[in-house]
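Novice: here are the coordinates; sequence isn't available:
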């Protein structure tokens, strides 16, 4: 039967299999994999594919099912990689220590480390975003939209596309390539079928290079990389005669 405590109902649905839980006294993050079938009406395959559960928080409890007041929180953390195969899924559960493996602070590199149109970039996303409607689609990842035909090829490459209607409403994904004629190719297929007439908005892409920031976006003052740092050629160069 379902168990209820802490304002949450724990559903007695199809079970799952899990790998062994390993704990260490050091800072090595403990990982656990769980696999199961998409049998619960609250767990939708499209939501998994759309990334709605990416980095979601999880809790693992040991509970006396006859008296839920007798329980112990065994582990907490975040979801890592989620993979699907047919009606089954496998999710990686990462312990809190995995946060210590995340880069903190700025990176000393040629390219810009700011997200396009964030506060550090300084550009306004609305100025570089176009709205369009799907005219035709192939394999749910190649889209042709007449409204984008006026933009030069490559304008939206590396940009972000977000659906504003249809079965994928609200889902966002990265643009792999933008070709002439308003053809957009996504890095992966949409979680749900894309149909002609679905609407979306797409933001211009940035390759994080200083020349692009300066010439295309006129935003060199806000470039967050180090384009003049000496490279390997400088280190290996010898004095001239």
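Specialist: Received, thanks. Every value quoted in this text rests on a predicted model; they were computed, and no experiment measured them.

Novice: Any regions of the chain where pLDDT drops low?
Specialist: The chain contains residues with pLDDT under 70 at 13-31, 36-40, 45, 85-87, 240-241.

Novice: how near is residue 232 to residue 210?
Specialist: Per C-beta to C-beta, to the nearest Å, residue 232 is found 18 Å from residue 210. Yep, even glycine has a C-beta here, placed from its N, CA and C like the rest.

Novice: Kindly report the same for residue 188.
Specialist: 30 Å.

Novice: With residue 225 instead?
Specialist: 6 Å.

Novice: More neighbours: which of these two?
Specialist: More crowded of residue 225 and residue 210, by other C-beta atoms under 10 Å: residue 225, with 19 against 16.

Novice: my read: the more buried one touches residue 109, true?
Specialist: Yes. Assessed by C-beta atoms under 8 Å, residue 225 is found in contact with residue 109 at 6.1 Å.

Novice: Which parts of this structure are helices?
Specialist: Secondary structure of the chain (DSSP state H): helices at 45-49, 210-215, 232-236.

Novice: In CSV, list those helices along with distance to residue 6.
Specialist: Listed next are the helices of the chain as CSV, based on distance: least, C-beta to C-beta, whole Å:
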stretch, distance to residue 6
helix 45-49, 23
helix 210-215, 48
helix 232-236, 56
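
Novice: Of all those helices, which one is nearest residue 125?
Specialist: With C-beta to C-beta, the closest approach to residue 125 among those belongs to helix 210-215: 15.5 Å.

Novice: Could you identify the longest strand within this structure?
Specialist: strand 71-85 (DSSP state E).

Novice: And that strand, what's buried?
Specialist: For strand 71-85, the neighbour count (16 or more other C-beta atoms under 10 Å) marks 75, 77-80 as buried.

Novice: Report the two of those residues separated the most.
Specialist: The most distant members of the buried residues of strand 71-85, if one measures by C-beta to C-beta, are 75 and 80, lying 13.7 Å apart.

Novice: Overlap in contacts, these two.
Specialist: Shared contacts of residue 75 and residue 80 (C-beta atoms under 8 Å, 6 or more residues apart in numbering): residue 93.

Novice: So which residues of the protein form strands?
Specialist: 3-5, 8-10, 16-18, 31-37, 57-63, 71-85, 88-95, 129-133, 136-138, 142-144, 160-163, 172-179, 183-186, 199-203.

Novice: Just put the ones you listed in JSON lines and tack on distance to residue 116.
Specialist: Shown next, in JSON lines, are the strands of the chain (distance: least, C-beta to C-beta, whole Å):
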{"stretch": "strand 3-5", "distance to residue 116": "44"}
{"stretch": "strand 8-10", "distance to residue 116": "37"}
{"stretch": "strand 16-18", "distance to residue 116": "38"}
{"stretch": "strand 31-37", "distance to residue 116": "32"}
{"stretch": "strand 57-63", "distance to residue 116": "28"}
{"stretch": "strand 71-85", "distance to residue 116": "25"}
{"stretch": "strand 88-95", "distance to residue 116": "27"}
{"stretch": "strand 129-133", "distance to residue 116": "11"}
{"stretch": "strand 136-138", "distance to residue 116": "25"}
{"stretch": "strand 142-144", "distance to residue 116": "20"}
{"stretch": "strand 160-163", "distance to residue 116": "8"}
{"stretch": "strand 172-179", "distance to residue 116": "11"}
{"stretch": "strand 183-186", "distance to residue 116": "17"}
{"stretch": "strand 199-203", "distance to residue 116": "7"}
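
Novice: Residue 4 contacts residue 10, doesn't it?
Specialist: Yes. Between residue 4 and residue 10 there is a contact at 7.2 Å, judged by C-beta under 8 Å.
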